[in-house]
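**Student:** would you be able to build a 3D model of this:
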Amino acid sequence: MYDYRRGEGYLAAFVLGGAVGAVLGLLFSPRSGRENREFVAAKAQEYWGEGKQFYETSRVKVADEAAELRVKIDSARDRLREQVDTVSRSAKGKVHEMAPAAKETVIKVGESVKNGIDSAEAKAQAVLDKLSDKTAPSDELPLGGDLATE
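**Tutor:** Residues are numbered from 1 along each chain as shown. Below is the predicted model:
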């Protein structure tokens, strides 16, 4: 079913009523048919000219607004490019500024880790040596026997 809440029904009724009124006005006008045709042709020509003028004015206005918008977009693009360049230069400067300190820190951490590994290796070797000493066969055999003969 047609939805009359949007106002389309009222617009259609208004246009249809206008058209019916115009036709009835022409049919019952006191002028002759030729005069009516000339009148309608003159009005049509007048409205056609107004429509063309409105179109041209609108086209020029839209073109002007599009050009203005293009200028604004180009300006915004240039500002954005400048900001990106500024931030990029600043970031590069910070990297160059922080690189030596970071390199020193990495070297110190590397030396610390190497010292820790060396210390752990020494301790592990000492534990293994003690364990080896305790588990090594002694020269004295228990109960006076020889291992090879047993």
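**Student:** tell me where the chain has strands.
**Tutor:** When assigned using DSSP state E, the chain turns out to have no strands.
**Student:** pull the helix or strand with minimum mean pLDDT from it.
**Tutor:** helix 8-27 (a mean of 84; mean pLDDT, DSSP states H and E).
**Student:** return the list of helices and strands in contact with that one.
**Tutor:** With contacts taken as 3 or more CB pairs under 8 Å, 6 or more residues apart in numbering; DSSP states H and E, helix 8-27 sits against no other helix or strand. Where you see a C-beta, it was placed from the backbone N, CA and C, and this is true even at glycine.
**Student:** what angle separates the longest helix along the chain from helix 8-27?
**Tutor:** Secondary structure of the chain per DSSP state H: the longest helix is helix 33-135. Here the directions of helix 33-135 and helix 8-27 differ by 160 degrees (axes from the mean of the first three to the mean of the last three CA atoms, to 10 degrees).
**Student:** pLDDT score assigned to the spatially most central residue of the chain?
**Tutor:** Taking CA atoms, centre = their mean, the centroid of the chain lies closest to residue 80, which sits 14.8 Å from it. At residue 80, the predicted lDDT confidence score is 96.
**Student:** residues in contact with it?
**Tutor:** Residue 80 makes no contacts at all, as judged by CB atoms under 8 Å, 6 or more residues apart in numbering.
**Student:** where does the chain dip in pLDDT?
**Tutor:** Applying pLDDT under 70 to the chain flags residues 1-8, 138-150.
**Student:** look up phi and psi at residue 30.
**Tutor:** According to degrees, to the nearest 10, the main-chain angles of residue 30 amount to phi -80, psi -10.
**Student:** burial of it, as a residue count?
**Tutor:** 6 (other CB atoms under 10 Å).
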